[in-house]
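Undergrad: quick one: sequence plus predicted model below, questions after.
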Amino acid sequence: MKILIVEDEPQMLENMRQTLKAEAYLIESATTFHEANDRIGIYDYDCILLDIGLPDGNGLELLKTIKAKGLEDGVIIVSAKDSLDDKLMGLNLGADDYLPKPFHMAELRARVKAILRRRNFEGQNTIEIENVRLNIPDRILFINDNAVELNRKEYDVLLYFLSNKDRLVNKTALAEHVWGDNIDQTDSFDFIYSQIKNLRKKLDSYGAKIQIKAVYGIGYKLQKK
Amino acid sequence: MKLLNYTTTYFSGILLVLISIWAVVFYFAMFDEIYDSIDDGLDNRKMVLIERASKDIELLQKPQLDEYLYTIEKVNFEKYQNFKDTYRDTMMYMLNEDDFEPVRVLESVFRNNDDYYKIKVVTSMVEEDDQIENLLIYTIILYFSLIISILILNNFFLLKVWKPFYHLISQLKNFSLDSNEPINYKKTNIEEFVLLNKNVEKLLTKTRETYSAQRQFIENASHELQTPLAIAINKLELLFEENNLTENQAFQLQQALENLERLKRLNRSLLLISKIENDQFQQLSNVNINQLIQEIISNFSEMASHKNITFGFSSSENVSLYMNPDLAHFLFSNLIKNAITHGISTSEITINLTEEFFKINNYSSSAPLNGEQIFKRFHKNSMDATSIGLGLAISNSIARKYGFALIYYFREGQHSFALKFH
């Protein structure tokens, strides 16, 4: 899997590179509009993380170029502006996703994985770990080929963990991903614990060979048993 | 009181006094002139009669005041010497009026040869009481016609003159710093109004510029904060990944992370406020509120059931509002989430939705809130330290943007927020 990160802020770029590298992707980067333009012209990428606000040009122009060339690279717009216009315009121009800064590393991984899955396993969009299989288009969980009933939130939580296998998922990141931006610390994240407990119960009762582990009391990690 | 009415009242008072004084002065001046003229006539007749008497001796003996209205009598020298010409008013029977009417009498003495005579000449006079009555009537007529003239003048002429002023006032009444609608200044030739318009325009332009610069500043500052915040949060997350932290280090880092998260939310809220104020939520559609509330309740169901809170939602069918869907979502989810956060465990949150209003009540152990302060930015309830105090301020801005009224009240242990749609 080859990923291009177009980002002018060096530390931001480094963070993204580091977290995606751990997923064993091949990472290339560009810090200017022109550099990015050159790379897009030469190489094919599975996914491009595109910052809109580049010092020497607008990332949306790059998106136009990608689409004009008929390239099938998946594109995630990364923007510090969190502007509705940019979002709408980007998605209209054919971007696959829009990720406003600041975002959690877990969120970035989940979004990138979703794009890669959609591109590479057309029609067979599933995540398989050990004896657990999640069918994403139909939102069904199979453990040892037995369908397991999940409610909407349990499914979202599990998908998020599966997308961040072996990585620490912060409670805040999980809450924001599943319950939305409106949720915050005032609401206390205690209720997440009972969700996780229900999910663990279901996984165990069907004999799943994965587990959701609490880490430092600040988050969770999904791993093989 | 309106300026025009004020001047009219003022003028009426002044005119009443002035016209009264003027009427008195006029009355005396007029009578003075009349007396002067009558007395001159009497004097003239006296001289003509004396002249005639010196030629016609018979005339010298005429004691009766007949149709010629004069008498001549002989008097002795002593009387002649001490006599001075006198004009006086008296009454005399007039046949035509069948009444005693005022007359003017001139009494004088003269010498004819060696004899002395007293002459008395009479002429009819103006009737003073009639005159006063007439004067009064005409004065009152004058007074009222002046008032009517002023009213007409005010309401047609002055109103026209002041039009640019009233136009400006009505424009200022609807002026809002938030909107970009320009003020229409009425063209006028009056220097003062031209000056007023010019200066108001200058003031408003400057105020708007300052205001928009300030909003722009908040938006820019928030945007600039996004990247460093993202970097800091992500660095901490990567540090956690390293897996070799002690329990205590993890705890400290988590606290740092939580504060960064708080900063992130604060920044996001500020951006949202700027965007609402900069009118960046222009996309409007009919939002089905029943459906929206159902979705929000379902989204928060885990949070609610964790506190053992239940919802009682009653509504009229198909309430929809024409507004921005994102803002609608923020507005209602913020109110509902607040009710869950501050609601007491094992209680019911009741939600009422009709065409006219949305109402949400939750039981809470806390005292009534200050209904005015809670909608202000950065107002914090000392109870929760992690709250940034912007949620209700944003909700209120959204409500105001669409002409809704968001109010808070406390009744029988329940905190209630009501959103009136019209």
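TA: On my side now, so go ahead. Numbering: from 1, shown residues only, chains lettered A, B, ... in the order given.
Undergrad: point out where the chain drops to low pLDDT.
TA: No chain in the question, so chain A it is. A:82, A:121-123, A:182-188 (pLDDT under 70).
Undergrad: hmm, I had chain B in mind actually
TA: In chain B, residues with pLDDT under 70: B:178-179, B:381-386.
Undergrad: so where do the strands sit in it?
TA: B:70-75, B:86-94, B:99-112, B:115-124, B:285-288, B:310-315, B:320-323, B:348-353, B:357-363, B:405-411, B:414-420 (DSSP state E).
Undergrad: would a markdown table of those with distance to B:Glu33 and mean neighbour count be doable?
TA: Backbone N, C-alpha and C define where each C-beta goes, glycine included. Shown next, in a markdown table, are the strands of chain B (distance: least, C-beta to C-beta, whole Å; neighbours: other C-beta atoms under 10 Å in any protein chain shown):
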| stretch | distance to B:Glu33 | mean neighbour count |
| --- | --- | --- |
| strand B:70-75 | 24 | 16 |
| strand B:86-94 | 15 | 12 |
| strand B:99-112 | 14 | 16 |
| strand B:115-124 | 16 | 18 |
| strand B:285-288 | 86 | 14 |
| strand B:310-315 | 90 | 14 |
| strand B:320-323 | 81 | 17 |
| strand B:348-353 | 87 | 18 |
| strand B:357-363 | 81 | 21 |
| strand B:405-411 | 74 | 15 |
| strand B:414-420 | 76 | 19 |
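Undergrad: and those strands: which comes nearest B:Gln171?
TA: When these are compared by C-beta to C-beta, strand B:405-411 sits nearest B:Gln171, at 24.8 Å.
Undergrad: show me what that closest one pairs with in its sheet, parallel or antiparallel.
TA: Sheet pairing here is set by DSSP bridges, and for strand B:405-411 it gives strand B:414-420 (antiparallel).
Undergrad: next, the angle from the strand it pairs with to strand B:348-353.
TA: Relative orientation of strand B:414-420 and strand B:348-353, computed by axes from the mean of the first three to the mean of the last three C-alpha atoms, to 10 degrees: 10 degrees.
Undergrad: tell me the spatial nearest neighbour of B:Thr139, not counting adjacent residues.
TA: If you skip the residues right next to it in sequence, B:Thr139 has B:Ala23 as its closest partner in space, 4.4 Å away by C-beta to C-beta, 6 or more residues apart in numbering or on different chains.
Undergrad: same question, A:Asp97
TA: Distances taken as C-beta to C-beta, 6+ apart place A:Ile76 nearest to A:Asp97, at 4.5 Å, with adjacent residues excluded.
Undergrad: just to revisit the earlier point, thought B:Leu136 was touching the residue nearest to B:Thr139, still the case?
TA: Yes. Judged on C-beta atoms under 8 Å, B:Ala23 makes contact with B:Leu136 at a distance of 7.5 Å.
Undergrad: distance check, the residue nearest to A:Asp97 against B:Leu196.
TA: As for A:Ile76, its distance to B:Leu196 is 56 Å (criterion: C-beta to C-beta, to the nearest Å).
Undergrad: and these two? Which one has more around it.
TA: When A:Ile76 and B:Leu196 are compared for neighbours, A:Ile76 comes out ahead with 21 against 16, by other C-beta atoms under 10 Å in any protein chain shown.
Undergrad: parallel or antiparallel, list what pairs with the host helix or strand of that one.
TA: With secondary structure defined by DSSP states H and E, A:Ile76 is part of strand A:74-79. Strand A:74-79 has the following strand partners under DSSP bridges: strand A:47-51 (parallel), strand A:97-100 (parallel).
Undergrad: burial measure for the residue in the stretch 51-200 of chain B that chain A sits nearest to, as a count.
TA: Among the residues of the stretch 51-200 of chain B, B:Asn180 lies nearest to chain A; the distance is 17.4 Å by C-beta to the nearest C-beta. Neighbour count of B:Asn180, defined by other C-beta under 10 Å: 9.
Undergrad: in chain B, what residue sits furthest out from the centroid?
TA: Relative to the C-alpha centroid of chain B, counting by C-alpha atoms, centre = their mean, B:Asp114 is the outermost residue, at 88.6 Å.
Undergrad: need the winner for burial among the strands paired with strand A:74-79.
TA: Ranked by mean neighbour count under mean count of other C-beta atoms under 10 Å in any protein chain shown, the strands paired with strand A:74-79 are led by strand A:47-51, which reaches a mean of 27.
Undergrad: circling back to that earlier point, for the residue farthest from the centre of chain B, give me phi and psi.
TA: When read as degrees, to the nearest 10, the backbone of B:Asp114 gives phi -110, psi 10.
Undergrad: next up, the contacts around it.
TA: For B:Asp114, no contacting residues are found, by C-beta atoms under 8 Å, 6 or more residues apart in numbering or on different chains.
Undergrad: could you do B:Ile289 as well?
TA: B:Ile289 is in contact with B:319-321, B:328, B:332, B:353, B:358, counting by C-beta under 8 Å, 6+ apart.
Undergrad: using the record's assignment, carve chain B into domains.
TA: Domain ranges of chain B: B:3-134, B:191-277, B:285-420, per automatic domain parsing.
Undergrad: check contacts around B:Asn299.
TA: By C-beta under 8 Å, 6+ apart, the neighbours of B:Asn299 are A:179-180, B:333.
Undergrad: tabulate those (TSV), appending distance to A:Lys209 and neighbour count.
TA: TSV is the format used below for the contacts of B:Asn299 (distance: C-beta to C-beta, whole Å; neighbours: other C-beta atoms under 10 Å in any protein chain shown):
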residue	distance to A:Lys209	neighbour count
A:Trp179	28	21
A:Gly180	32	14
B:Ser333	38	23
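Undergrad: name the residues that touch the strand holding A:Ile76?
TA: A:7, A:46-53, A:59-60, A:63, A:66, A:86-87, A:90, A:94-101, A:103, A:111-112, A:115-116, A:118-119.
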